[in-house]
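> model this:
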Amino acid sequence: MDALGRRIIVAAFDGWNDAGEAASAAASMLRADVEYEVVHSVDPELYFDYQYTRPQVGLDAEGRRTLTWPEATLLRPVKRSDDAEIWLLVGVEPARAWQAFAAEFIDVALREDVTGFVALGSMMSDVPHTRPISVFAGSDNEGVRQSLGLERSLYEGPVGILSAIGHVSETVGIPTASLWASVPHYVAGHTPSPKATLALLEKLEAITGIAVPRGDLENESRLWEASIDAAAADDDEMSEYIRQLEQTRDTWDSPEASGDAIAQEFERYLRRGGDGPTKPGRDDPPRR
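Numbers count the residues shown, from 1 in each chain. The predicted structure follows:
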């Protein structure tokens, strides 16, 4: 577990990297479990397009109208520990100046002696909701892969901000890992996806050795799954499609195929530019 050291940034961003809100929900659960303080927050004027990510208007405790601007912030635990600890990098994926955005946070990470970086993401995939959520666990760092038994992605194509920050992190000597949960694409109306959030947190604990909160995610996952079962019961086409996905997944889960299959699904997702597949029509074969 020492491959990532004792001061580990866990990053999750709203937007392209966050299908079913699984990654951002995982970060929110981590943040709610420990008292955090702000280490660094970017100037939103530099990185966000307000026509794409608009500020939000609301009312404060005294009824006055307030504006909340998009943000990206690095947080650390208020109560420091000699044991391994999780820092959080959370916010909205920036619209521009990604190189400067990544460099700004990595400069702070170096100043604060951060020792590891873990990206949390979630993607829409051709997977059934009735099976355990697959999590692709990978790293571009050979030492991390060997120590933690992670995969190496051979993907080439478009990426999100997590990959940009991870690249800079590796360049300056901070080892990285990435965890991507596969969210069933046909459950878009059943967001958030607690089952995917739970899978990410379980994998995060496994690779860091740091106990992470689960809250009521197990019960919420059962309710989430039951709600989709109910919707499928009234849709013969959807039920048949899920059955085909189950058969494919059971084949993937064979010992000789599981690791490669998850990696291939991750790479297919990225090649689609982050857009989940659509439900096939009556005359279309199901996507694998």
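
> Please tell me how far the residue nearest the centre of the chain sits from Glu93.
The chain has Gly121 as the residue nearest its centroid, 1.9 Å off, counting by CA atoms, centre = their mean. Noted for Gly121: a distance of 11 Å to Glu93, by CB to CB, to the nearest Å. Quick note: C-beta positions are derived from backbone N, CA and C, even for glycine.

> Show me the common contact partners of those two, please.
Asn17, Gly160 (CB atoms under 8 Å, 6 or more residues apart in numbering).

> thinking again about what came up before, got a list of what the residue nearest to the centre of the chain touches?
Ala12, Asn17, Asp18, Ala23, Gly160, Leu162, Ser178, Leu179, Trp180, Ala181.

> Pull out the buried members of these.
Buried members of the contacts of Gly121, counted by 16 or more other CB atoms under 10 Å: Ala12, Asn17, Asp18, Ala23, Gly160, Leu162, Ser178, Leu179, Trp180, Ala181.

> Out of the contacts of Gly121, list just those in helices.
The helices, defined by DSSP state H, take in Ala23, Leu162 from the contacts of Gly121.

> What is the nearest of the contacts of Gly121 to Thr115?
Comparing the contacts of Gly121 against Thr115 with CB to CB places Ser178 closest, at 16.5 Å.

> returning to that earlier point: just the ones of the buried ones among the contacts of Gly121 in strands?
Ala12, Ser178, Leu179, Trp180, Ala181 (DSSP state E).

> Tabulate these (JSON lines), appending pLDDT.
Shown next, in JSON lines, are those (pLDDT from 0 to 100):
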{"residue": "Ala12", "pLDDT": "97"}
{"residue": "Ser178", "pLDDT": "96"}
{"residue": "Leu179", "pLDDT": "97"}
{"residue": "Trp180", "pLDDT": "95"}
{"residue": "Ala181", "pLDDT": "95"}
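
> now, which of the residues you listed sits nearest Leu88?
Ala12 (7.9 Å).

> ok, now which ones touch the closest one?
Counting by CB under 8 Å, 6+ apart, Ala12 touches Asp18, Ala23, Ser24, Ala26, Ala27, Leu88, Leu89, Val90, Ala119, Leu120, Gly121.

> The third one reaches Ala11, doesn't it?
The reference is to Ser24. No. Under the contact definition of CB atoms under 8 Å, Ser24 does not touch Ala11, with a separation of 10.7 Å.

> Which neighbours do the two have in common?
Jointly contacting Ser24 and Ala11 under the rule CB under 8 Å, 6+ apart are Val90.

> Counting neighbours, go ahead and name the busier of those two.
Ala11 (27 against 22; other CB atoms under 10 Å).

> hey, where'd the helices end up in the stretch 101-250 of the chain?
Taking DSSP state H, counting those that start in this stretch, the helices of the stretch 101-250 of the chain run over residues 142-148, 161-171, 194-208, 217-233, 236-252.

> Could you say which of these is packed most deeply?
Ranked by mean neighbour count, the helices of the stretch 101-250 of the chain are led by helix 194-208 with a mean of 23 (mean count of other CB atoms under 10 Å).

> so where's the stretch 51-200 of the chain uncertain?
Counting by pLDDT under 70, the stretch 51-200 of the chain contains low-confidence ranges at 189-190.

> which residues of it fall in strands?
Here the stretch 51-200 of the chain has its strands, by DSSP state E, counting those that start in this stretch, at 56-59, 65-68, 72-77, 85-92, 116-125, 135-138, 176-184.
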